[in-house]
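Participant: Sharing a sequence plus its predicted fold:
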Amino acid sequence: MENIEIKRLWEQVKEELIGVLPENTHPWIYPLEVSGFDKGVMTVVTGQMIGRDLLRKNHLEQMNSVLSHITKDPAARFVIIYDEDFAKKLKKESERYQKKANNAVLKEQALENLSNMQSASNLNLKYKFENFVIGDNSKFAYSAAMAVAKNPAGKYNPLFIYGNSGLGKTHLMQAIGHYTIFNNPKLKVKYTKTGDYINDFITNSRKNLNDSVENMSKFNKKYTNIDIILIDDIQFIESKTKTMTQMQHTFDSLYNKGKQIVITSDRLPKDIPTLTAALCSRFEMGLMVEITPPALETRFEIIKKLALENDLKYEEDALLYIARNFSNNVRELEGAFTRVCAYAELTGQELTLKLAQEVLKCEDDVQEIGFDTIAGVTAGYFDIDIKDIKGSARGQKVSSARHIAIYLSREITQQSFVNIAKFYNKKHTTIMFAYEKIRKEKSTNQEISTALREIRQALKVL
């Protein structure tokens, strides 16, 4: 068998092993490299002696079973070899994007760091860059997260990712953590939910007076003796005055030492009630990126990827039905897909359009409303041409129509200002200005309020 065929076979076997073996063995499976396959014997090399011993002692029988199943050879088996020089020969980046260390010591440190960090921070193994489905709604946020992962504490510090719940903020944040562990094993990463940070602070600050100084010292070291901190759902810190003061100290300590800070929120810092001006200014000093609800095409790709990962047979019309009817967020979309899949599995049926309709009972008449539809209906309401709305005319009637169309484009589609700007041939700052103008005036200007209501009715969007 040619080397390239052997490598392809190994990648297939490795993928199956990851699905079969316990998660605590994955740090030993990923770095394995195949060195040969002859007469049913697959030889793999590792630079981790403890990994070799662990796999030989506890999992060799399972590994052999997987190899036998894939090669259809009942006698197929593994030979696992430890090689001191192996670390020097590792690829710079594997199929799973993990950059291997330049020597066995660094590689062992990377794996140990990964294991410890996952245990301490509860990172989800599925939240990696490679399985994040990129759409127009998340392209900029993905690029920013990847840039931070490749160059921590570089241009974008802090990185503030915001958007509604269930759109992928946590996925991107944790992907930064996973990428860093594999590619920069010397860096320490910590992921924490804001609620856990709050509870940790309260617990340590409420100890008796004799222990409070020592406990707070430990608390500070826990959150500042790291290189990258990932703070999820910062909006929950609102109204927690003392915790906000402590968060400011944590932020300053990390930032002044040149450490990377990544934060997620369901809104902009200025929109978090009672957030101190000091924290707000710190969060805004870096790069703020938004994730909006995915368009139909992206939603379809998300559940198609899920179906392929689970090796499911499906009708594309079934996936399209699910994608069309669940548009608010990715979490809701995945939940609907899971319900249909569970029903299909339990009843022994394939994932068909009919099955999806029976399980979800959605009215399949939901139409995707695009920028062109919104602009067209708005133009009709104001009795002007759609070209005027997308053009540069500055008359009061045209300007009002344009501002309202932009506002509705944002509200109805939840697309980014950048995407809306492309459609209307304007700068994104102009789009933001128009949106904010209507948002502020709709409650006090009767004409604007009426126009918004009647245009929504025409679009059948309440």
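Facilitator: Great, that's in hand.

Participant: Show the pLDDT at residue 106.
Facilitator: For residue 106, the pLDDT comes out at 54.

Participant: actually residue 452, sorry about that
Facilitator: pLDDT at residue 452 comes out at 91.

Participant: That one: neighbour count?
Facilitator: Using other Cβ atoms under 10 Å, residue 452 is surrounded by 18 other residues. Placement of C-beta: from N, CA and C, glycine included.

Participant: who's in contact with the residue nearest to it when sequence neighbours are not counted?
Facilitator: Of all residues not flanking residue 452 in the chain, residue 442 sits nearest, at 6.0 Å (Cβ to Cβ, 6 or more residues apart in numbering). Listed by Cβ atoms under 8 Å, 6 or more residues apart in numbering, the contact set of residue 442 reads 407, 448-449, 452.

Participant: Inside helices: which ones of the residues you listed?
Facilitator: 407, 448-449, 452 (DSSP state H).

Participant: which of the residues you listed sit farthest apart?
Facilitator: Using Cβ to Cβ, the pair of those lying farthest apart is 407 and 449, separated by 11.8 Å.

Participant: Name the residue in the two with the higher neighbour count.
Facilitator: Neighbours around residue 407 and residue 449, counted as other Cβ under 10 Å, are more numerous at residue 407. The numbers are 25 against 13.

Participant: ok, the closest residue to residue 260 other than its chain neighbours - how many residues close by?
Facilitator: Nearest non-adjacent residue to residue 260, counting by Cβ to Cβ, 6+ apart: residue 152, 4.0 Å away. Neighbours of residue 152 under the rule other Cβ under 10 Å: 23.

Participant: what kind of secondary structure is residue 152 in?
Facilitator: Of the three states, residue 152 takes coil according to DSSP: H, G, I helix; E, B strand; the rest coil.

Participant: From residue 174, how far off is it?
Facilitator: Look at residue 152 and residue 174: by Cβ to Cβ, to the nearest Å, they are 15 Å apart.

Participant: Residue 293 - that's part of a helix, no?
Facilitator: No. Checked against three-state DSSP, residue 293 lies outside a helix; its state is coil.

Participant: So it sits against residue 167, correct?
Facilitator: Yes. Residue 293 lies in contact with residue 167 (Cβ atoms under 8 Å); the separation is 6.4 Å.

Participant: Show me the shaky parts of the stretch 1-150 of the chain.
Facilitator: Applying pLDDT under 70 to the stretch 1-150 of the chain flags residues 1, 85-122.

Participant: mind listing the strands for it?
Facilitator: Assigned by DSSP state E, counting those that start in this stretch, the stretch 1-150 of the chain shows strands spanning 33-38, 41-46, 77-82.

Participant: and residue 444, how many neighbours?
Facilitator: For residue 444, using other Cβ under 10 Å, the count is 8.

Participant: Just say helix, strand or coil for it.
Facilitator: Residue 444 is classified as coil under three-state DSSP.

Participant: Next one, pLDDT for it please.
Facilitator: 86.

Participant: Spatially central, which residue of this protein would that be?
Facilitator: residue 171 (2.4 Å; Cα atoms, centre = their mean).

Participant: List the buried residues of the strand or helix carrying that one.
Facilitator: In this assignment (DSSP states H and E), residue 171 forms part of helix 169-183. By neighbour count on 16 or more other Cβ atoms under 10 Å, the buried set for helix 169-183 is 169-183.

Participant: Which secondary structure elements does that helix sit against?
Facilitator: helix 104-121, helix 139-150, strand 159-162, strand 189-193, strand 228-232, strand 260-265 (3 or more Cβ pairs under 8 Å, 6 or more residues apart in numbering; DSSP states H and E).

Participant: quick one: residue 289 from residue 242, how far?
Facilitator: Relative to residue 242, residue 289 is positioned 30 Å away (Cβ to Cβ).

Participant: When these two are compared, which one has more neighbours?
Facilitator: It is residue 289, of residue 289 and residue 242, that has more neighbours when counted by other Cβ under 10 Å, with 22 against 11.

Participant: List phi and psi for that one.
Facilitator: Per-residue torsions, residue 289: phi -130, psi 150 (degrees, to the nearest 10).

Participant: my guess is it meets residue 144, correct?
Facilitator: Yes. Applying Cβ under 8 Å as the test, residue 289 and residue 144 come out as touching, 4.8 Å apart.

Participant: what touches both of those two?
Facilitator: With Cβ under 8 Å, 6+ apart, residue 289 and residue 144 have common neighbours 159, 161.

Participant: any residues in contact with both of residue 293 and residue 167?
Facilitator: Listed as contacting both residue 293 and residue 167 by Cβ under 8 Å, 6+ apart are 137, 329.

Participant: in the stretch 301-450 of the chain, which spans are helices?
Facilitator: Under the criterion DSSP state H, counting those that start in this stretch, the stretch 301-450 of the chain carries helices at the ranges 316-325, 330-347, 353-360, 371-382, 386-390, 396-413, 417-424, 428-441, 446-459.

Participant: domains of this protein?
Facilitator: The chain breaks down into these domains under automatic domain parsing: 3-89, 129-290, 296-360, 371-459.

Participant: Looking at the ones you listed, which is nearest to residue 123?
Facilitator: Across the domains of the chain, residue 123 has its closest neighbour in domain 129-290 (5.2 Å, Cβ to Cβ).

Participant: Quick check: end-to-end length of that closest one?
Facilitator: Taking Cα to Cα, to the nearest Å, domain 129-290 runs 17 Å from one end to the other.

Participant: for stretch 257-270, same thing?
Facilitator: End-to-end distance (Cα to Cα), stretch 257-270: 26 Å.

Participant: That stretch: how far from the chain's middle?
Facilitator: From the chain centre to the centre of stretch 257-270 is a distance of 15 Å (Cα atoms, centre = their mean, to the nearest Å).

Participant: That stretch: which residues count as buried?
Facilitator: Under the neighbour-count criterion of 16+ other Cβ under 10 Å, stretch 257-270 has 259-266, 268-269 buried.

Participant: what does stretch 381-389 give?
Facilitator: Going by neighbour count (16+ other Cβ under 10 Å), the buried part of stretch 381-389 is 382, 384, 386, 388-389.

Participant: can you list those residues in JSON lines and add distance to residue 329 and pLDDT?
Facilitator: Formatted as JSON lines, those follow (distance: Cβ to Cβ, whole Å; pLDDT from 0 to 100):
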{"residue": "382", "distance to residue 329": "33", "pLDDT": "91"}
{"residue": "384", "distance to residue 329": "35", "pLDDT": "90"}
{"residue": "386", "distance to residue 329": "31", "pLDDT": "88"}
{"residue": "388", "distance to residue 329": "35", "pLDDT": "87"}
{"residue": "389", "distance to residue 329": "30", "pLDDT": "89"}
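
Participant: could those go into CSV alongside distance to residue 19?
Facilitator: Formatted as CSV, those follow (distance: Cβ to Cβ, whole Å):
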residue, distance to residue 19
382, 57
384, 58
386, 52
388, 57
389, 52
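
Participant: Mind picking the two most distant members of the residues you listed?
Facilitator: Longest span within the buried residues of stretch 381-389, Cβ to Cβ: 382 and 386, 10.4 Å.

Participant: hang on, the earlier thing: pull the distance from the helix holding residue 171 to the chain's centre.
Facilitator: 9 Å.

Participant: what mean pLDDT does that helix have?
Facilitator: Rounded mean pLDDT across helix 169-183 is 89.

Participant: Understood, closing this out.
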